[in-house]
Structure formats: structure tokens, C-alpha cells
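my questions are about this predicted structure, shown below with the sequence.
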Amino acid sequence: QAVTPRIRGELVALGQCPRVSQPSTRPQTASGLAQCPVFSRMDPARCPQGRGHSLAHNSRTMKILTCPAQLQRLEEILRKSLPLALPVFGAVLNINRGNPGQYEMLVDKWPEFGAVLARPSGEVPVNDGYWNTQAAFYRDLGAYRALVETPGCLPWNAAFTLIGLQDGVTTVSQDLAGKKGVELDIVEYYSYWHPDPSTMPEPRTAPGVRLGSLSPSHVDLLNDTWPYGGNARSRRYLAQLLGCFPQVCLQDSSGQPVAWVLTDHFGTGTHSYTLPEHRRHGHMQVALTVAAQRAHARGFPTFGHTALRNQPMQQLQELLGHQRLPGICSYILHNPSLDRDGP
């Protein structure tokens, strides 16, 4: 399968790292699930020789944070920028806790960064906007523009999705895409987060329903019921979420799933779904509450994105104490014509 390489440059010191982590082992996917030929990568949380990667092109600089101490410091800084930094904050939390999704963090400079980008590490397929999903946060819009204009930062010759809770992320993508002749497909959501899930009431399952978990064998069910799924790329993406990140599932008396909530690379509560024949019984309220409580216990924020027209889910989020963030969350698919199944 064709891949687009990340540009790699000369190593330069970003300050000595007091410790060096060991490479982590990515959780195995289930036998029989579609696997990507470049699925396994080195954990970018390693800090070889106490250094970080830096790329410099035409006076622009892009730094990949590889030192555990720097990544921990980034986590602390982003925590103070919640809720706008939620997706990149969730990504660095995952990186600092074993990096199950094999992501890396880029900044324009360190430690006084103006912009940060979370992206998959290593090589990525040119035709998979599910796998190649990135998230951005900026404290300075000019710094963000300079970062994403740096060659090697964004794969402009590939399909990729960029998530942003700030208007400037969309504005910059639209401007640069226009100059490069790149098409965009933008889907907008309302974002909700719960400032303190410990205050949520204890959930009660309906009679005949119990808490369980999804297994790799359920990937086809997820793929068939997801409005943006139904293809080989979405199936591979969902299989990765099942194999790498927490999820909550309610099951009927025979053990079959009736409702579920997944978690993605950014710590987002996502892919919430109740089978039509089991709706209006409070199952999603239970699933969302359990997912929020478990995320809180792991030290992760509780947040998610809801379609603009999905008023029932918006009302449920507010009922559970979630706060709707101002503005819009944009999922920006670049090069949608390249986002297709291939050999």
C-alpha cells in the first residue's frame, strides 16, 4: 500500500532529558482483522540520547517532542488551556501512558510554544483519512500557520483529517488548501465536556441489561452502524480503537451489545450508539455516565463531539451535566478524493 513518508531532519538538542524510556509494545489486533502494513512503530515517547527531533526549512522550525520530561511538561501546560486544548491534551495523555495509538506531538518551538499538533507517528497511508487524523491547538495563530506551512508537518499529498476547536484551525486550512489546490470536506460538531464527572449520579441499568465489553468480533457491527463507516478503512480504524482504547458496552441477557461508547486517540468519547430496537430505555445515559466515570478515574477529561442536528444527544449531554463549549469543533478532511479503499 502506498504511503507518504514523514520528512526527517538532523537531530538537534532541545535540552538534556533526565531519563530515557523504553520502547512500548503496541497491543495486538485480533486475528482476522484487517491490518495495516505499517501498523507497528517505535514509541515516539522515547528520548534517544536525551534529544528531540527538529526540522528546519526556510527559517521555519518544527520540533517533535520525544523526551518524556518534555512530554510531561506539555501535558501540564495543556491542562491549563482546557477546554480548547482537549483533543491535543488527550493525545499527550495517551502518549505519556504507553502511547497505545502511536502518536507524536509537534510544536513550533520549545518550551515557549505557540502551536502544537498531535499526529500519527511514522509513515501513513496516502488514502486513509481515518487513520491519519490529527488535532491542533494554538496560543498564537501566526505560530500555528507557520507550523503547518513547514514542509513535513502536514501530508498535503494524502488524505488526512484535522480536528480543531478553534476557528483559526479551519481558517488556516481553507487558506492553505486554496493556495495548494487541495479540496476540503468539513464536518462541524458541538463539543461537550464535563468539568467534574465525580458529581455524576450512579447509573442504573435497565432490567435484563448489564455492563460488559466489546470484543474484536464486534468490529463489523460497529462498522455497519457507523454513519461514516462501511468500508475497509473505517473497519481497520474501529478495530484499532477496540484493541487500543477503553470502551463501554451494555449487553442484553444473551450477551449481545445493545449500546456502546468508544474512546479514540484523543481521549474523546466517541462512536456512541444504541441499536434502534433498544432505544428509549436510558441505555445511552448509563453508557455515557460509566464512560465518564472511568475516564475520570484514569485521569482523562470527559468530552465528546455531537452532530449539530442531533438534539436528543445534546439534551442528554446537558442532562448529565456536560457543558457545551463555545464555537464549533471542525473535522476537516483534506483531499477527500484520495480517501478511498485501495490495494
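Thanks, I have it. Residues are numbered from 1 along each chain as shown.

domain map for this protein?
Following automatic domain parsing, one finds the domains of the chain at 3-179, 197-324.

which one of the ones you listed lies nearest to Tyr190?
With Cβ to Cβ as the criterion, Tyr190 lies closest to domain 197-324 of the domains of the chain, at 5.1 Å. Backbone N, C-alpha and C define where each C-beta goes, glycine included.

downstream of the helix or strand Glu75 falls within, the next helix or strand is which one?
Per DSSP states H and E, Glu75 falls inside helix 68-79. Beyond helix 68-79 in the direction of the C-terminus, DSSP H and E gives the next helix or strand as helix 86-95.

packing partners of that next one?
Where contact means 3 or more Cβ pairs under 8 Å, 6 or more residues apart in numbering; DSSP states H and E, helix 86-95 is packed against helix 68-79, strand 103-107, strand 115-120, strand 133-138.

nearest residue to Glu202 in space, please, no chain neighbours.
Distance criterion Cβ to Cβ, 6 or more residues apart in numbering; nearest residue to Glu202, sequence neighbours excluded, is Thr289 at 7.9 Å.

the one you found and Ser198, how far apart?
Distance of Thr289 to Ser198, computed by Cβ to Cβ, to the nearest Å: 12 Å.

so these two - more neighbours on which side?
The neighbour comparison of Thr289 against Ser198 (other Cβ atoms under 10 Å) goes to Thr289, with 22 against 9.

I figured the more buried one hits Thr199, correct?
No - contact criterion Cβ atoms under 8 Å: Thr289 and Thr199 do not qualify, at 11.1 Å.

where does pLDDT dip in this structure?
For the chain, the stretches flagged by pLDDT under 70 are 1-60, 343.

for it, which segments count as helices?
Under the criterion DSSP state H, the chain contains helices at 68-79, 86-95, 141-149, 167-180, 219-225, 232-244, 283-297, 311-319.

what's the most buried one of these?
Most buried of the helices of the chain, by mean neighbour count (mean count of other Cβ atoms under 10 Å): helix 86-95, with a mean of 27.

now the domains of the chain in TSV, with distance to Ser191?
What follows is the domains of the chain, written out as TSV (distance: least, Cβ to Cβ, whole Å):
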stretch	distance to Ser191
domain 3-179	6
domain 197-324	5
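
out of the ones you listed, which is closest to Tyr189?
That would be domain 197-324 among the domains of the chain, by Cβ to Cβ, at 3.7 Å.

now the end-to-end length of that closest one.
Terminal residues of domain 197-324 are spaced 15 Å apart (Cα to Cα, to the nearest Å).

go on, stretch 250-270?
15 Å.

same check on stretch 202-222?
In stretch 202-222, first residue to last residue: 27 Å (Cα to Cα).

neighbouring contacts of that stretch?
For stretch 202-222, contacts defined as Cβ atoms under 8 Å, 6 or more residues apart in numbering pick out 29-30, 32-33, 229, 235, 238-239, 242-243, 247-253, 255, 257-258, 260, 262, 271, 273, 281-283, 285-286, 289-290.

what separation do you get for Leu65 and Glu277?
To Glu277, Leu65 is 47 Å away according to Cβ to Cβ.

out of those two, which sits in the busier spot?
Neighbours around Leu65 and Glu277, counted as other Cβ under 10 Å, are more numerous at Leu65. The numbers are 27 against 6.

thought the more buried one was touching Tyr103?
No - judged on Cβ under 8 Å, Leu65 makes no contact with Tyr103 at a distance of 11.2 Å.

what touches both of those two?
Between them, Leu65 and Tyr103 share no contacting residue, judged by Cβ under 8 Å, 6+ apart.
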